[in-house]
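Undergrad: What shape does this take:
(chains A and B)
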Amino acid sequence: MDENTKLMYQRLSLYSGPFFVITFVIFWAWMGDNLPPPHPDWPAQAFTDRYVEHLTGIRVGFLVALITICFYLPWTGYVTARMMRIERGHYPVLSYLQLMGGCLTVMVVSISMFCWVVAAQRPERSPELTQMLTDAGWLMNDTVYMCTTLQMFAMALCFLHDKTSKIPVMPNWANYLTIFCGATFFPASLTAILRDGPFAYDGLIGFWLPYPAWLIWLFVATYYLIKDLNRRVADGED
Amino acid sequence: MSTDSATSSPPLTNKIKRHLPGVEGVWAFIFADMVVFAVMFGSFMYDRSQNLALFEKSRQALNLDLGGINTLLLLTSSMLVVLALNALKLAKPRLAPIFFALALTCGLTFIVLKAIEYNQKFDAGISILSNDFFMYYFVMTGMHLGHVVVGNAILAVLLYKSRSAKAGDSITAYESGATYWHMVDLLWICLFPLLYLVR
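TA: Modelled structure (predicted):
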């Protein structure tokens, strides 16, 4: 593969990150009727009504988002390769951790949407079942986040310890922002216990903090990774 | 006051120029973290205003003694961390590990007392689901406790690192850790009156 082709795939991998975020907002959040999310304390019938009223949007939204979530994978791939250049040698453990975390993130978010696709397949089901599938989808995201958190921690730590790059891949504050955004998921575990208030899965701390934090982080990280890639090309760095 | 101390110890004035302690990222992290806590404090005050009687009645069930002792512990440990950093700055690095160890002891005692406090609540049949006040009480003090645990780990690392510190070493890492620990202290200084004292 010649150098230009390799670079093209590196660029495509990086741009697939923001592509995932944009499609996620359109199809997962907007079409999937997740803005605002359903209220966990609703009676079961309200969940069924939500699916019936927005059936086409929810079906199309999550089916498309289930495809575009996988664009998180090439982005993770590029980050892994970039980290391995810093973490030289035979034991790039942070790079591997980031890679595994990124892959599993896709599975966690996919299984969550899969629950909602099942709910939307037969909206005439008993409302309790629809309610349960909706809850299961949310709790999948909100309690199985540690893979993503570790992915973000590994990436930040690797870039913070970087002694090889002339200019750091990401500025110091962006690495700490990465750690912060990864940590915003921790209070989301409370969504399994609290069904009302700021810590429920539609609450300020349960939803409006961690989800935007994750998506904003991905934009910030991509911005600096693209800058870093352009610098590498300009300097003729391998 | 600061000019006084600067003139009374002229050798320091050159050394201690105004600078951002620690790395900039720690400040970015602390800002974001404190915004989250501020949102929770706001949310607490709003819900409290909707149900004053319940919040006041529940507040009276809290253990003021343990809360007060924990406040003193964190304030003391913050001071000890300042002393440790001063020791490093003033080229007395052998004192730093002692101060860090004492600060860590305060931090660990905080955790033990918090565990006792939680246990008293559980024994009284009070849990996170009892009412809105106790939801905030357990979540906010719990999230703060998480910060204390991380802070203790940082203090332990600084303690270990300072044992081999020599005069003239960079103190950026110590400043970063100390800044985080002061934030943990500051958050508690906001939490304690908000939960335990506000009538």
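
Undergrad: what kind of secondary structure is the one residue in chain A that gets nearest to chain B in?
TA: When scored by C-beta to the nearest C-beta, chain A has residue A:176 as its residue closest to chain B, at 3.2 Å. C-beta: built from backbone N, CA, C; applies to glycine. Three-state assignment for residue A:176 (DSSP: H, G, I helix; E, B strand; the rest coil): helix.

Undergrad: Tell me the confidence at it?
TA: Confidence at residue A:176, expressed as pLDDT, is 97.

Undergrad: residues touching the closest residue to it other than its chain neighbours, list them.
TA: Of all residues not flanking residue A:176 in the chain, residue B:25 sits nearest, at 3.2 Å (C-beta to C-beta, 6 or more residues apart in numbering or on different chains). The contact partners of residue B:25, by C-beta atoms under 8 Å, 6 or more residues apart in numbering or on different chains, come to A:160, A:171, A:172, A:173, A:174, A:175, A:176, A:177.

Undergrad: what do you get for residue A:97?
TA: The contact partners of residue A:97, by C-beta under 8 Å, 6+ apart, come to A:150, A:151, A:154.

Undergrad: ranking those residues by neighbours, who comes first?
TA: Tallying neighbours with other C-beta atoms under 10 Å in any protein chain shown puts residue A:154 at the head of the contacts of residue A:97, with 26 neighbours.

Undergrad: residues touching that residue, list them.
TA: Here residue A:154 is in contact with A:83, A:94, A:95, A:97, A:98, A:101 (C-beta under 8 Å, 6+ apart).

Undergrad: Can you give me the distance of residue B:168 to chain A?
TA: To chain A, residue B:168 is 21 Å away according to C-beta to the nearest C-beta, to the nearest Å.

Undergrad: which non-adjacent residue is nearest that residue?
TA: Here the nearest residue to residue B:168 in space, its sequence neighbours aside, is residue B:91; by C-beta to C-beta, 6+ apart that works out to 7.2 Å.

Undergrad: and residue A:90, which of the three is it?
TA: Classification of residue A:90 using three-state DSSP returns coil.

Undergrad: Can you get me a residue count around it?
TA: For residue A:90, using other C-beta under 10 Å, the count is 4.

Undergrad: For it, grab phi and psi.
TA: Main-chain torsions, residue A:90, degrees, to the nearest 10: phi -90, psi 0.

Undergrad: Excluding sequence neighbours, find me the nearest residue to residue B:161.
TA: That would be residue B:173: by C-beta to C-beta, 6+ apart, it lies 6.9 Å from residue B:161.

Undergrad: Hmm, residue B:162 and that neighbour touching each other?
TA: No: using C-beta atoms under 8 Å, residue B:173 is not in contact with residue B:162, being 9.8 Å away.

Undergrad: So which residues on chain B come close to chain A?
TA: Where chain B comes near chain A, counting by C-beta under 8 Å from any C-beta of the partner chain, the residues are B:23-29, B:32-33, B:36, B:39-40, B:43, B:47, B:128-129, B:132, B:135, B:139, B:143, B:146.
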